[in-house]
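Engineer: make a model of this:
(2 chains)
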Amino acid sequence: MSTQPSLRARQSPLASTEEQRRVLAAVSARGLRSFDEALDGAGRHPLRADGIAVFQINVGRLCNQTCGHCHVDAGPDRREVMARETAELCLDVLARTDIPTVDVTGGAPELNPSFRWIVERARALGRHVIDRCNLTVLLLPSQSDLATFLAANRVEVMASLPYHRPAQTDAQRGTGVFEKSIEALRKLNALGYGKEGSGLALNLVFNPAGALLPPKQDAIEAQFRAELARKHGVTFNHLYTITNMPISRFLEFLLASGNYESYLERLANAFNPSAADGVMCRSTLSVGWDGSLYDCDFNQMLDLPVGFDAPAHLRDFDLERLRERRIVTANHCYGCTAGAGSSCGGATT
Amino acid sequence: MDHYYHAGDLGRFAEMGKGNAELWEKFSSYYAAVFAEGALTEREKVLIALGVAHAVQCPYCIDAYNKACLEKGSNVEEMTEAVHVACAIRGGAALVHGVQMRNVVDKISM
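Structural biologist: Have a look, this model is predicted:
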């Protein structure tokens, strides 16, 4: 895997979500059953939401990195950024409900001019706030006070770090990213993040650096804990494993490397009904930069909004109709139900 | 059949149960038990398997245990060292037989 400009910047055919959906829909042509058939076979079709515990706001696709596996196709060239008016709609919805957790993602969400406003307002409403952080953003000159801001607002930091060694991390996230990530982790540790008793949660997100399924979460967490402490003096609270979703830039890698069919087969053969019970879409509502509503961030990136008559924009938010909505599923959903399962909070079984 | 080895044959391994289901079942359950977490971790066991795969030069095993090693959280540096262990043992096994060569030479030489 290597990093290069976004699909959009390179005018790749896969920059079109329609093209991605076309590629993914062809699964049955390869003799694999569709995701909906797998769900049905396990007596779990259709999938339905079971309340909304997490309000996930994707504030835009602007990022200071261009990672090889990014499902958002984020990068410095992307200009889709949530406006303040839309952020206000998010906070209005939160004020009208008791959804306990606000999960802010991107891109690099911290680069959105409304990021700190969202965090402060959500915290003032008493909500738990998660920042999905790429770590290197903490070292940008414009963000020199970001770590202090996060700590002052008791924000949980969910930081991406695909491996505890430079080669694998840099191959996926860009040259020099590992070293900067370690520097950022030390900065967070110095503020109390990842330290027992501080109440400042620092969690890591692992995803495989290739066409592979993730290791067992507890085993790789133990390995990271030992290696990061021994070599870098870095501590953290938990590590969550996420399976790479076969969409966007990771889909491009799979197709270009000749791994697409075997990876899809791997995911489909590892379909785990128990993992389907715990998928994040059942307890999450995902908001796009323009206020559109989705079942998850992956559906958002495939332009698959909430369906089956559920209100599809923040302006029409209706908790009653959204909290038991039927989930929109397609073959990429195999990515969340393979093996031990995968979600924004790691393994689901 | 133009090749003795076909990559797709690895996925057909279970067809070996067609000739004798009972033996296949016994082998499969034994195999699963061997690779389960025990005194050694699953990660350590698949690294050993990767080394052995190279020693017995089984392309199916090399394919399978490359993926297994990475999916258990190992890295290419660790995997390379496992292959070197296999290489050292195979090479050492050849070299230590050189003592037999020396024994024969000593016996027949004046």
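Engineer: any weak-confidence spans in the chain?
Structural biologist: All of this refers to chain A. Along chain A, segments meeting pLDDT under 70 span A:1-2, A:29.
Engineer: oops, I was thinking of chain B
Structural biologist: B:1.
Engineer: where's whichever residue of it sits closest to chain A, which helix or strand?
Structural biologist: Across chain B, the shortest distance to chain A (C-beta to the nearest C-beta) belongs to B:Gly73, at 4.1 Å. Using the backbone N, CA and C atoms, a C-beta is placed for each residue, glycine as well. Per DSSP states H and E: B:Gly73 is located in neither a helix nor a strand.
Engineer: and A:Leu239, what are its bridge partners?
Structural biologist: Counting by DSSP bridges, A:Leu239 forms beta bridges with A:Leu204.
Engineer: if I look at it, how far off is chain B?
Structural biologist: The spacing between A:Leu239 and chain B, counted by C-beta to the nearest C-beta, to the nearest Å, is 11 Å.
Engineer: wait, isn't that residue in contact with A:Ala226?
Structural biologist: No: using C-beta atoms under 8 Å, A:Leu239 is not in contact with A:Ala226; the gap is 11.6 Å.
Engineer: which one's more surrounded, those two?
Structural biologist: Neighbours per residue (other C-beta atoms under 10 Å in any protein chain shown) separate A:Leu239 from A:Ala226, with A:Leu239 holding more: 22 against 11.
Engineer: ok, now which ones touch the more buried one?
Structural biologist: Each residue near A:Leu239 by C-beta atoms under 8 Å, 6 or more residues apart in numbering or on different chains is listed here: A:203-206, A:217, A:220-221, A:224-225, A:346.
Engineer: centroid-wise, who is the farthest residue in chain B?
Structural biologist: In chain B, B:Met110 marks the outermost C-alpha relative to the chain mean, sitting 43.5 Å out by C-alpha atoms, centre = their mean.
Engineer: could you measure from it over to A:Asp36?
Structural biologist: 84 Å (C-beta to C-beta, to the nearest Å).
Engineer: likewise A:Lys187?
Structural biologist: 45 Å.
Engineer: try A:Pro273
Structural biologist: Relative to A:Asp36, A:Pro273 is positioned 14 Å away (C-beta to C-beta).
Engineer: flag every buried residue along the helix or strand hosting B:Ala94.
Structural biologist: Taking DSSP H and E as the definition, B:Ala94 sits inside helix B:76-96. Using 16 or more other C-beta atoms under 10 Å in any protein chain shown as the test for burial, helix B:76-96 gives B:79, B:82-83, B:85-86.
Engineer: neighbouring contacts of it?
Structural biologist: Helix B:76-96 is touched from outside by A:165, A:167, B:47-48, B:50-52, B:54-55, B:66, B:69-70, with contacts defined as C-beta under 8 Å, 6+ apart.
Engineer: now, which of the residues you listed sits nearest A:Pro311?
Structural biologist: B:Leu70 (43.0 Å; C-beta to C-beta).
Engineer: for burial, what's the neighbour tally of A:Ser248?
Structural biologist: A:Ser248 has 25 neighbours, counted by other C-beta under 10 Å.
Engineer: for it, which residues are in contact?
Structural biologist: Counting by C-beta under 8 Å, 6+ apart, A:Ser248 has contacts A:7, A:14, A:20, A:70-73, A:301.
Engineer: and it, how far is that from chain B?
Structural biologist: Distance from A:Ser248 to chain B, by C-beta to the nearest C-beta: 22 Å.
Engineer: now do A:Glu265
Structural biologist: 9 Å.
Engineer: could you say what helices and strands the helix or strand hosting that residue packs with?
Structural biologist: For A:Glu265, the host element (DSSP H and E) is helix A:260-269. Here helix A:260-269 touches helix A:248-256, helix A:334-337, going by 3 or more C-beta pairs under 8 Å, 6 or more residues apart in numbering or on different chains; DSSP states H and E.
Engineer: how far does the helix or strand following that helix sit from the chain's center?
Structural biologist: Downstream of helix A:260-269, the first helix or strand assigned by DSSP H and E is helix A:273-277. Put simply, helix A:273-277 sits 19 Å off its chain's centre (C-alpha atoms, centre = their mean, to the nearest Å).
Engineer: ok so, going back, closest to A:Val279 among the contacts of A:Ser248?
Structural biologist: For the contacts of A:Ser248, the nearest to A:Val279 is A:His71 (15.3 Å; C-beta to C-beta).
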